[in-house]
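Trainee: Based on what follows, work out the 3D shape:
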Amino acid sequence: MIQVQDLSLGYGERLVLKDLNFQVEAGEFVGILGPNGSGKSTLIHALCGLIAPKRGRISIKDRGLEDLASRMRAQILAVVPQVSDMRFPFNCLEIVLMGRYPRRRRWGSLTDDDLLWALKSMRRTTTEHLQDRPVTEVSGGERQRVVIARALAQDPEFLLLDEATSSLDVRKKLEIFEILKFLNATKGLTVLCAMHDLNLAALYCGRLMFIKDGGIIQDGPTEEVFTPEVLARVYQTPMEVIRHPGHQRPYAVMLPLTPAELEESAPEASLV
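Mentor: Now for the predicted structure:
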């Protein structure tokens, strides 16, 4: 469904990612992990067409991303950014209804079906009570859930999330990922999420892709790649991986850095 061939991405003369090759099949739930500045957001931006490749090709359903008209692209892909800057006081229901625009007939008005989709998406994200509130007058976490509802209202085949739940509290993070898990299992929604929360990724993602130093250093089923060796290599941090006694998924336990490890990995952060 998504195929990336010899892809290199960057800004100006600076390359961030180079020579990426991977594909994502329909119905996968993929977590993209890596340290700060590794290129997770850059990759998400490229997959949705916000930045053009320096080299290589991105194909969606056997068609080049650049060949898809913006309307068709919006019917296939929905994106949730890490931060949404909203300065106009649209009410929250109007924001979610914007997700229905790609489904409207040209010059057509919104329908009862569009309204039902929007309200259902707000119920799923526990934002229905905010529908009449200006989006400029809700909290950051509430606004982010409204943006997620807008993406769900698009009824996409692919959902791309760029640290989309980082501003949410623990309960709301779990609620959103339970929704994604449900839609992935029952509707075949393909999910790609760039994230930092290792244990949230291990709990919900069936596949993990680790990126660092400009490339993919590990990619595979979560049960196979979520290991102390891989995590230490990616994050330069000692970790243990255990089986969580509740859900039996792999679970990372961070270990404190010794002064020697701190000095070795980041001399400028020396405690002395």
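Trainee: which stretches of the stretch 151-272 of the chain have low pLDDT?
Mentor: Along the stretch 151-272 of the chain, segments meeting pLDDT under 70 span 265-272.
Trainee: can you pull out the strands in it?
Mentor: 158-162, 190-194, 207-212, 215-221, 239-243, 250-254 (DSSP state E, counting those that start in this stretch).
Trainee: so can I have a markdown table of those showing distance to residue 108?
Mentor: Where you see a C-beta, it was placed from the backbone N, CA and C, and this is true even at glycine. Shown next, in a markdown table, are the strands of the stretch 151-272 of the chain (distance: least, Cβ to Cβ, whole Å):
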| stretch | distance to residue 108 |
| --- | --- |
| strand 158-162 | 24 |
| strand 190-194 | 28 |
| strand 207-212 | 39 |
| strand 215-221 | 42 |
| strand 239-243 | 52 |
| strand 250-254 | 48 |
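Trainee: most tightly surrounded among those strands?
Mentor: strand 190-194 (a mean of 25; mean count of other Cβ atoms under 10 Å).
Trainee: which outside residues touch that strand?
Mentor: If you take Cβ atoms under 8 Å, 6 or more residues apart in numbering as the criterion, strand 190-194 is touched by 1-2, 24-33, 40-41, 43-44, 47, 157-164, 180, 183-184, 201, 205.
Trainee: got it, and stretch 216-233?
Mentor: Contacts for stretch 216-233 (Cβ under 8 Å, 6+ apart): 20, 22, 31, 198, 201-202, 205-212, 234, 237-241, 249-250, 252.
Trainee: And it, end to end?
Mentor: By Cα to Cα, to the nearest Å, the extent of stretch 216-233 from end to end equals 12 Å.
Trainee: Just give me how far that stretch sits from the chain centre.
Mentor: 18 Å (Cα atoms, centre = their mean, to the nearest Å).
Trainee: Out of the contacts of strand 190-194, which end up buried?
Mentor: 1-2, 24, 28-33, 40-41, 43-44, 47, 157-164, 180, 183-184, 201, 205 (16 or more other Cβ atoms under 10 Å).
Trainee: Can you flag which of those belong to helices?
Mentor: 40-41, 43-44, 47, 180, 183-184, 201 (DSSP state H).
Trainee: Turn the residues you listed into JSON lines, including distance to residue 151.
Mentor: Listed next are those as JSON lines, based on distance: Cβ to Cβ, whole Å:
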{"residue": "40", "distance to residue 151": "18"}
{"residue": "41", "distance to residue 151": "16"}
{"residue": "43", "distance to residue 151": "18"}
{"residue": "44", "distance to residue 151": "13"}
{"residue": "47", "distance to residue 151": "14"}
{"residue": "180", "distance to residue 151": "10"}
{"residue": "183", "distance to residue 151": "11"}
{"residue": "184", "distance to residue 151": "14"}
{"residue": "201", "distance to residue 151": "19"}
